[in-house]
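Peer 1: all I have is the shape, not the residue letters:
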């Protein structure tokens with residue numbers, strides 16, 4: 001089982017991934033591995049937020065290579081549950097959001113040429129929140145390079161997620177982030193039950 005948590009900036013993907021992995025290590029007999037995106041290694045990210053038109057393509061290609069390497073390292077293994085806060089879907093969505101014309105065409109050509117190795121999601125948990133909530137959370141975590149994120153940017157991101165999620169061939173479990181109490185055992189239990197039903201298996 002490979003559970004990928006997706007959603008817009010500020011939804012709480014990494015927090016939920018950490019908590020779900022910790023919960024499963026206590027509640028199941030299977031090996032649980034956690035894969036978190038290392039966004040800090042992107043050498044172009046701060047430049048992109050300062051000048052999106054100039055730095056969008058190198059920032060997106062850096063993410064593309066990094067995400068491919070991380071997912072390729074997650075080889076499928078029997079008796080293992082993978083919990084990740086990132087997918088290659090995320091890369092495509094952000095590319096369409098920030099690139100256009102020749103740059104988007106070049107990105108797509110490079111992305112299509114890269115092998116889809118490693119473990120692939122068997123279920124996506126789509127963690128969402130309304131735009132005001134996302135803006136509040138982004139401000140609260142205080143990352144300087146995210147200060148320029150606008151409501152319009154997040155609205156476009158929501159639209160692209162809706163469009164892409166509708167085309168997937170894996171189950172998608174939508175979760176409203178504002179209704180998830182961080183660290184709540186009861187809510188983590190309920191989420192695990194929903195995941196198991198989507199996978200048509202009984203929870204341990």
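Peer 2: Great, that's in hand. Since this is a predicted model, take the numbers as computed values, not measurements. Numbering: from 1, shown residues only.

Peer 1: residue 115 and residue 57, how far apart?
Peer 2: Distance, residue 115 to residue 57, by CB to CB, to the nearest Å: 21 Å. The C-beta positions use only the backbone N, C-alpha and C, and glycine is treated the same way.

Peer 1: neighbour count: those two, which is higher?
Peer 2: For residue 115 versus residue 57, neighbours defined as other CB atoms under 10 Å are more numerous around residue 57 (19 against 7).

Peer 1: can you tell me which residues contact the more buried one?
Peer 2: Remark: with contacts taken as CB atoms under 8 Å, 6 or more residues apart in numbering, residue 57 is in contact with 99, 103, 106, 107.

Peer 1: relative to residue 162, which of these is nearest.
Peer 2: residue 99 (19.3 Å; CB to CB).

Peer 1: who's in contact with that closest one?
Peer 2: Contacts of residue 99 (CB under 8 Å, 6+ apart): 56, 57, 60, 107.

Peer 1: try it again at 6 Å.
Peer 2: Applying CB atoms under 6 Å, 6 or more residues apart in numbering, one finds that residue 99 lies in contact with 56, 107.

Peer 1: and the gap between it and residue 116?
Peer 2: Going from residue 99 to residue 116 by CB to CB gives 20 Å.

Peer 1: so where's the protein shaky on pLDDT?
Peer 2: Segments of the chain classed as low confidence (criterion: pLDDT under 70) are 182-183, 201-204.

Peer 1: please, where are all the strands along it?
Peer 2: For the chain, the strands defined by DSSP state E occupy 2-6, 31-35, 80-84, 123-128, 172-176.

Peer 1: how far out from the middle of the chain is the longest one?
Peer 2: Which is strand 123-128. Relative to the chain's own centre, strand 123-128 is displaced by 8 Å; criterion: CA atoms, centre = their mean, to the nearest Å.

Peer 1: the helix ranked longest in the chain: which residues count as buried?
Peer 2: Looking across the chain with DSSP state H, the single longest helix is helix 52-72. Within helix 52-72, the residues that qualify as buried are 55-57, 59-64, 66-68, 70-71, counting by 16 or more other CB atoms under 10 Å.

Peer 1: what angle do strand 2-6 and that helix make with each other?
Peer 2: Helix 52-72 and strand 2-6 meet at an angle of 160 degrees, taking axes from the mean of the first three to the mean of the last three CA atoms, to 10 degrees as the criterion.

Peer 1: now helix 52-72, how far from the centre of its chain.
Peer 2: If you compare the mean C-alpha spot of helix 52-72 with that of the full chain, they lie 14 Å apart, counting by CA atoms, centre = their mean.

Peer 1: let me know the angle separating that helix from strand 31-35.
Peer 2: Angle of helix 52-72 versus strand 31-35, following the same axes, to 10 degrees, is 160 degrees.

Peer 1: and the helices in the protein?
Peer 2: Counting by DSSP H, the helices of the chain are 13-27, 45-50, 52-72, 88-98, 101-113, 131-141, 151-165, 185-199.
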